[in-house]
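1. quick one: sequence and predicted model below, then my questions.
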Amino acid sequence: MAGAVLAWRANRRAKQSAQAAPPVPAPTPAPVPLATRALGFLLTLAAMFVCAFATQSLAARQTRMPHGDWDAWMIWNLKARFFYRAGPGWAAVLTDGWSWSHPDYPLLLPLTVARYWHYLGLETVLVPQGVTIFITLMLFALLYAGLAYLRGWIQAALALLFLASSGFFLKCGAMQCADIPLALFMLATCVAFIATRRGESGSYVIRSDSAAALVGLFAAAGAWTKNEGLLFAAGLFAVAAVGSLLQRDRPAAIRRLAPAFAGLFPLGMILAAMKLVLAGGTDLFVEQKHRTARDFLDMALSFDRHDMIWRF
């Protein structure tokens, strides 16, 4: 409700500013050659056919593994079933007794599946299957729409052809794991982030502060999906903060980050509460519980460890 009020106020201010500003004539676009339009049409048509076959492949894979792959039924769907069945005891699945199921993992995917089971009043494998197919198709749509918006529909069709024809990607899309939802939110974050850069130059209609709020929201959704999303969000905001500090008008650049942090805040607080209050210990340090901060620093600065990582 607060978001709706703020959006209404921002829209009203934008309309008042538009009425006060003198009208700017729109530039006349250059004519597109016929060969270019024909190529774009053929590529888009081919991409649509490939997406149709990809959808059929996703559905066929779901019939062969209705409960998903290993991580799906050991982590994500297991937690969804616990949330649906356990009633007031739902938080027990986040304790150390379930360490093999990663009790500290973010919960966007299992909570989404459990929510739809509650809506239906029925626990059925069709829900996680439908969710994973829908998210995969949403990723296709966002890839095409984002590139068509930023680079043109020919490049968008080419990218969609490459991604939709990847057998490994389709396999990941049918596994009912959190990797494809994370990829969707990472892609959405990148598209919104680029829109903030273009919005500042006035070449696109999206307001840069609106796009910045979406950057924070999508980055937080990725962090609420998987731990790798938390690393992605931290890296993204670190780069954005350093970039703002290097700008000539530093205060204005830092102020432009405020909408992004506002978008990050709601889901970020939920994630922090889950990890700090509800969840048990993380399995990342199971074998290292008795180490000190000095031990972790020594490992971080060890050349041999970084050499091993680089070689792998």
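-> Yep, it's here.

2. if we go by neighbour counts, what in stretch 5-15 is buried?
-> Buried residues in stretch 5-15, counted by 16 or more other Cβ atoms under 10 Å: none are found. Just so you know, the C-beta spots here come from the backbone N, C-alpha and C atoms, and that holds for glycine as well.

3. and it, how far out from the chain's middle?
-> Its chain's average C-alpha position is 27 Å from that of stretch 5-15, according to Cα atoms, centre = their mean, to the nearest Å.

4. what's the average pLDDT for it?
-> Confidence over stretch 5-15, taken as the mean pLDDT, stands at 75.

5. so which bits of stretch 67-85 are buried?
-> 68, 71-73, 75-84.

6. got a list of what the residue lying closest to residue 97 once chain neighbours are set aside touches?
-> Nearest in space to residue 97, with sequence neighbours left out and distances taken as Cβ to Cβ, 6 or more residues apart in numbering, is residue 280 at 7.6 Å. Residue 280 makes contact with 94, 95, 96, 97, 98, 99, 103, 104, according to Cβ atoms under 8 Å, 6 or more residues apart in numbering.

7. equivalent analysis for residue 114, please.
-> Contacts of residue 114 were listed using Cβ under 8 Å, 6+ apart, and they are 79, 80, 81, 83, 84.

8. the third one - nearest residue in space that isn't next to it in sequence?
-> Distances taken as Cβ to Cβ, 6+ apart place residue 123 nearest to residue 81, at 6.8 Å, with adjacent residues excluded.

9. now do the first one
-> Nearest residue to residue 79, sequence neighbours excluded (Cβ to Cβ, 6+ apart): residue 110, at 3.9 Å.

10. and the next helix or strand past the helix or strand harbouring the one you found?
-> Element membership of residue 110 [criterion: DSSP states H and E] is helix 108-120. Of the helices and strands lying after helix 108-120 in sequence (DSSP H and E), the nearest is helix 126-150.

11. coming back round to it: now which of the contacts of residue 280 would you call buried?
-> If you count burial by 16+ other Cβ under 10 Å, the buried members of the contacts of residue 280 come out as 94, 98, 103, 104.

12. list phi and psi for the residue nearest to the last one when sequence neighbours are not counted.
-> Take residue 104 and drop its neighbours on the chain: the residue closest to it by Cβ to Cβ, 6+ apart is residue 279, 4.0 Å away. Residue 279 has phi and psi values of phi -80, psi 150 when expressed as degrees, to the nearest 10.

13. same question for residue 178.
-> Given degrees, to the nearest 10, the pair of backbone angles that residue 178 has is phi -90, psi 0.

14. spit out the contact partners of it.
-> Remark: with contacts taken as Cβ under 8 Å, 6+ apart, residue 178 is in contact with 76, 106, 108, 109, 225, 226.

15. again, 10 Å this time
-> With contacts defined as Cβ atoms under 10 Å, 6 or more residues apart in numbering, the neighbours of residue 178 are 71-72, 75-76, 105-110, 132, 135, 222, 225-229.

16. for it, report the pLDDT, please.
-> As summarised for this prediction, residue 178 has a pLDDT of 96.
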